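Student: model this:
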Amino acid sequence: MSGELLKVIDIEAYVNYSDQFNPYTVLQCSLEDGRLFNLYLIPLEVVLAVNKIKGYGFENDRETLFEVLTVFDEIEVLRNKIEKVVVDEVDENTHLYTAKIYIKGDGFTVAKRMIPSHAIFLAYLVGAPIYISKELVDKQEQDSKETEEDSLGF
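Tutor: Next up is the predicted model:
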């Protein structure tokens, strides 16, 4: 997918307990145009680490790799290498998104495909810009509207 990209201005990560028997994790991206883009069923480790960066959450006596990365002073090395993250693909069969992380080298940039929640976490950690394809945001909104209409019997 190519086309217009929307900049992520903030992220939130949480566990949604709306169904007490089936809670799920969410990484919610607030976009520059005022809309939201959600990634569901992300690893709990990413939720914990994002909340640690934001200064809230709970203390974990066994930290994950993601949480440990938040405490390194040497993170500056990553900051100088990660140019941006772009979520711009979805597999229509699996409904899984794919992100690209753009890594700067000496005179070149390499795009590596990644799990979106992991790529977004890295970009958020180092302050690199995050973008979502407008086409994916539009599609997610349309799918959500159709699901809501189906549940209401329209």
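
Student: in a strand, residue 122, correct?
Tutor: No: using DSSP: H, G, I helix; E, B strand; the rest coil, the secondary structure at residue 122 is helix, not a strand.

Student: tally of neighbours for residue 142?
Tutor: Applying other C-beta atoms under 10 Å, we find 10 other residues in the vicinity of residue 142. All C-beta spots, glycine's among them, are computed from the backbone N, C-alpha and C.

Student: check which helix or strand it maps to.
Tutor: Under the criterion of DSSP states H and E, residue 142 resides in helix 134-152.

Student: counting by contacts, list what that helix packs against.
Tutor: When contacts are defined as 3 or more C-beta pairs under 8 Å, 6 or more residues apart in numbering; DSSP states H and E, helix 134-152 packs onto strand 5-16, strand 36-40, strand 82-90.

Student: out of the ones you listed, nearest to residue 147?
Tutor: Smallest distance to residue 147 across the helices and strands packed on helix 134-152 (C-beta to C-beta): 12.5 Å, for strand 36-40.

Student: sorry, back to before: switch the helices and strands packed on helix 134-152 over to TSV; also include mean neighbour count, distance to residue 123 and mean pLDDT.
Tutor: Formatted as TSV, these follow (neighbours: other C-beta atoms under 10 Å; distance: least, C-beta to C-beta, whole Å; pLDDT from 0 to 100):
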stretch	mean neighbour count	distance to residue 123	mean pLDDT
strand 5-16	17	8	96
strand 36-40	17	13	97
strand 82-90	20	4	97
